[in-house]
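[1] Make a model of this:
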Amino acid sequence: MADSPVPLIDIAPFDAGGSDAVAAAVRAACETIGFFLITGHGVPDEVIARVRRSSRAFFDLPEKDRNRVAETGPLKGGLMRFAWQQEALAATLGHEAPGDLKEVLDYGPGFYGDSWPAEPGDLEPSWHVCYGAMCGLAGTVRRILASALGLDSGYFENLFDGHLSSLRVIDYPEPTGPARPGQLRAGVHTDYGVLTILATDDAPGGLEVRTRAGRWCAVPHVQGAFTVNLGDAMMRWTDDHWVSTPHRVVNPPANTGRSTRRQSIAFFHNLPRDTVIECLPPFRRQGTEPKYPPITYGAYAELRYRQAHGDGKRLNL
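    This next block holds a predicted model:
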């Protein structure tokens, strides 16, 4: 960790008399890199291991069975699936790039999806348990971020009533041939919500972040820790004082002598659809207009979704 710009922060002291030190460490990370690793989070390892197992079992099904789960559907709280190379995340930043080398499952109680498959049998139950645990953790991180901004720790709470958060599991299979020019496991992008909480695999071909100096750095894998990063909504709230950092998932090197299949579990903590994102009070300066005009979270998310999936696609929420 000594040579990484992404710090490791134990957040357990936040609710045990050490809130100032935790908030200060998080503030420093948010102002410089927009990423940090957390321990002391209270989410049992088995919650993540269980959803990892059930999701891996789904991705191991024959393609014809996986194809029964569509990108969207009529069921609120249903399952969404984005097939192999269906997303091109680099397009959200205006870059031309082939589809990403991944397959994705997605779920959020506020999103419309397809029916949950009968097999694997533990898929839906394990996802619901994990979603609940991550909602609880996101609430803790939310309070830490408010404190780090110099606000009351409960400042954001009412803004998240009916939040549109989602859980996503991403399968990066072993490469079966060379990638096309510019093609990555996940192209360069920023997240467009408030914050993301990520559980990673210790496998070659992982997450990298771009520093403000333009240098790409690997995010370390720390067993039992989560990676947290800020999204565009938080950056807009802070008038760019806090960073929504571009990041990517790189392709594994050849001949590693070990499996390069990778699976990541991401929780995207998003605002309700009609919540307006505008500059927070600590960053309003008299006589100076904020960098961004107010926009609802729903309108912003819809724009970024079309960029990633094509102009003809609509975010069904």
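
[2] I'd like to know which elements the longest helix that the chain contains is packed against.
    In the chain, with assignment by DSSP state H, the single longest helix is helix 123-148. When contacts are defined as 3 or more CB pairs under 8 Å, 6 or more residues apart in numbering; DSSP states H and E, helix 123-148 packs onto helix 19-32, helix 45-59, strand 166-172, strand 195-199, strand 262-269. (Each C-beta comes from the backbone N, C-alpha and C, glycine too.)

[3] Now do that helix, average pLDDT.
    For helix 123-148, mean pLDDT is 97.

[4] angle of that helix against helix 45-59?
    130 degrees (axes from the mean of the first three to the mean of the last three CA atoms, to 10 degrees).

[5] start the count at 32, not 1, going forward
    Shifting the count to begin at 32 puts that one at helix 154-179.

[6] on that earlier part again, need the helices and strands packed on helix 154-179 in CSV with mean neighbour count and mean pLDDT, can you?
    Below are the helices and strands packed on helix 154-179 laid out as CSV (neighbours: other CB atoms under 10 Å; pLDDT from 0 to 100):
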stretch, mean neighbour count, mean pLDDT
helix 50-63, 18, 96
helix 76-90, 17, 98
strand 197-203, 22, 97
strand 226-230, 23, 98
strand 293-300, 23, 97
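
[7] Of all these, which one is nearest residue 151?
    Closest to residue 151 of these is helix 76-90 (CB to CB; 4.0 Å).

[8] and the longest helix of the chain, which residues are buried?
    Neighbour counts over helix 154-179 (16 or more other CB atoms under 10 Å) mark 154-155, 157-162, 164-166, 168-169, 171-179 as buried.

[9] Pull the contacting residues for the residue nearest the centre of the chain.
    The centroid of the chain falls nearest to residue 227 when counting by CA atoms, centre = their mean (3.7 Å). Taking CB atoms under 8 Å, 6 or more residues apart in numbering as the criterion, residue 227 is in contact with 259-260, 262, 297-300.

[10] returning to that earlier point: looking at the helices and strands packed on helix 154-179, which is nearest to residue 319?
    Nearest of those (CB to CB): helix 50-63, 19.2 Å.

[11] Show me the helices in the stretch 182-331 of the chain, by range?
    263-268, 328-340 (DSSP state H, counting those that start in this stretch).
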